[in-house]
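[1] below is the sequence, then the predicted model.
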Protein chains: 2
Amino acid sequence: MVNIKKIEDEDLLHQLSGAFKDYGYEGTSITILSKVTGLKRPSLYHRFPRGKEQMAEEVLSFIYTWIEENILNKLKENLTPEEKINFFVHQIGKIYENGKNSCILNMLSATKCENNPFSEAINNTFKTLQVALSDIAVQAGNDRKEAQNRAENILVEIQGALVLSRAMNSTAPFKRMQKRLPDILLSR
Amino acid sequence: MVNIKKIEDEDLLHQLSGAFKDYGYEGTSITILSKVTGLKRPSLYHRFPRGKEQMAEEVLSFIYTWIEENILNKLKENLTPEEKINFFVHQIGKIYENGKNSCILNMLSATKCENNPFSEAINNTFKTLQVALSDIAVQAGNDRKEAQNRAENILVEIQGALVLSRAMNSTAPFKRMQKRLPDILLSR
DNA sequence: GTCTATAGGAAGATAGAC
DNA sequence: GTCTATCTTCCTATAGAC
């Protein structure tokens, strides 16, 4: 039996995350958030009393949970390293619509360069992904340090390809990046 | 004999670019731009009648010229591919302060996802860099298509490392990326 | 060219009815 | 929980003095 309230929250947070992803934190006004959710501004404040900052915080927490349920859990199953990285590559294609989407972690880390209120959540999300990817590289026979480097290289490739795909208005850099990922993590 | 007016313009554009780089386009108010330049808001409007958008446009044009004079011209000299990529790696270390700076091209391409007024200038800057890097890879014996891919990989690595360095609050991803670049462009 | 002063509007946020 | 109405603050932009 599904919790109705949670489903509504998930819809809400999904709509909010879409706005932050497209417009960035500063570029997303409460009015925009009102439009994408269909709720008037005071209703948003009723749900998120601390306003836009709380919305972004809960969006990041929602995304972390999504990653756990839709990526990390699968990577804990009894699969080969090749199967795991192929699944990972497929999932990031879905998340980023093959390079058409920006990454909300990049968009929200670009906010108020000093004292960014989201930096810890963003840092933790990247660290969690790095650990998961690193475990795959270890399973494939790399030592711990080499595995960590390869995992970091994967994250660098993803973020860089997203920046370039948006800047060059082409999904080609993203799609080429997807093809490189398995070798970056697993090549001998 | 130096053109005084031009020097003042360069200072001005340098200060403006620093604000856009740190706060992004939407996050940078005219008041912030007034503070970093020391000019009151109406003085900025006197110099840039179309306001913030014109300032960002001229900043991007200023950066393109800086790249031409400080990177591309050197790469046209009679040097080995190794010398060229090493010089390039050194210059991006300077530009990005070894990973402590964000890239203004990433920050300004993140603006108003639809109909971004800076997308053409940003696209052109990346294309110009890709051509210059590609020429180095060709000089090193790669065919044209492979050289273009390697040049794109370089730009992906730089942008991705900058995103990750900011997100993880560490210059380590940027410094590791710098070490990878020569091989990415030139390895056989 | 630079400034003080200010208009006009959009932003974040709240009061209080339903 | 959602709304209309409103407050205050900050923003962009301009008028006009020096």
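    All right, it came through fine. Numbers count the residues shown, from 1 in each chain, chains lettered A, B, ... in the order given.
[2] ok, residues contacting the helix or strand encompassing residue A:36?
    In the assignment (DSSP states H and E), residue A:36 maps to helix A:30-37. With contact meaning Cβ atoms under 8 Å, 6 or more residues apart in numbering or on different chains, helix A:30-37 is reached by A:12, A:15-16, A:18-19, A:23, A:40-41, A:44, A:51-52, A:55. Backbone N, C-alpha and C define where each C-beta goes, glycine included.
[3] give me the mean pLDDT for the following helix or strand past it.
    Sequence order places helix A:41-47 as the next helix or strand after helix A:30-37, per DSSP H and E. Averaged over helix A:41-47, pLDDT sits at 98.
[4] which of the contacts of helix A:30-37 are close to DNA strand C?
    A:41, A:51-52 (Cβ under 7 Å from any atom of the strand).
[5] hmm, back to that, what about the helix holding residue A:36, near DNA strand C?
    Yes: using Cβ under 7 Å from any atom of the strand, helix A:30-37 reaches DNA strand C at A:30-31.
[6] buried set for that helix?
    Neighbour counts over helix A:30-37 (16 or more other Cβ atoms under 10 Å in any protein chain shown) mark A:30, A:33-34, A:36-37 as buried.
[7] run the chain-centre distance for that helix.
    In terms of Cα atoms, centre = their mean, to the nearest Å, the centre of helix A:30-37 is set 21 Å apart from its chain centre.
[8] mean confidence score for it?
    On average, helix A:30-37 scores 98.
[9] kindly export that helix (C-alpha atoms) in CSV.
    The C-alpha coordinates for helix A:30-37 follow below in CSV (Å, rounded to 0.1, in the frame of the first residue of the first chain):
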residue,chain,number,x,y,z
ILE,A,30,9.2,31.7,-6.2
THR,A,31,6.9,32.7,-9.0
ILE,A,32,8.6,30.2,-11.4
LEU,A,33,8.3,27.5,-8.7
SER,A,34,4.7,28.4,-8.3
LYS,A,35,4.1,28.0,-12.0
VAL,A,36,5.8,24.6,-12.4
THR,A,37,4.1,23.2,-9.4
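[10] of the buried residues of helix A:30-37, closest to DNA strand D?
    residue A:34 (7.7 Å; Cβ to the nearest atom of the strand).
[11] mind listing what's buried along stretch A:114-129?
    A:116, A:118-119, A:121-123, A:125-126, A:129.
[12] any idea how far whichever residue of chain A sits closest to DNA strand D lies from residue A:18?
    Residue nearest to DNA strand D within chain A (Cβ to the nearest atom of the strand): residue A:42, separated by 2.9 Å. Distance, residue A:42 to residue A:18, by Cβ to Cβ, to the nearest Å: 21 Å.
[13] which stretches of chain A form helices?
    For chain A, applying DSSP state H gives helices covering A:4-27, A:30-37, A:41-47, A:52-67, A:73-75, A:81-95, A:104-109, A:119-139, A:144-167, A:172-186.
[14] contacts only, for residue A:140.
    Counting by Cβ under 8 Å, 6+ apart, residue A:140 has contacts A:81, A:185-186.
[15] by neighbours, which of these wins?
    Most neighbours among these, by other Cβ atoms under 10 Å in any protein chain shown: residue A:185, with 25 neighbours.
[16] hmm, residue A:151 and that one touching each other?
    Yes: taking Cβ atoms under 8 Å as the definition, residue A:185 is a contact partner of residue A:151 at 7.2 Å.
[17] mind listing the shared neighbours of these two?
    With Cβ under 8 Å, 6+ apart, residue A:185 and residue A:151 have common neighbours A:133, A:136-137.
[18] and of those residues, the nearest to residue A:77?
    residue A:136 (11.9 Å; Cβ to Cβ).
[19] who are the contact partners of the closest one?
    Residues near residue A:136 by Cβ under 8 Å, 6+ apart: A:75, A:81, A:84-85, A:88, A:147, A:151, A:185-186.
[20] start and end of stretch A:41-52, how far apart?
    Counting by Cα to Cα, to the nearest Å, you get 11 Å between the two ends of stretch A:41-52.
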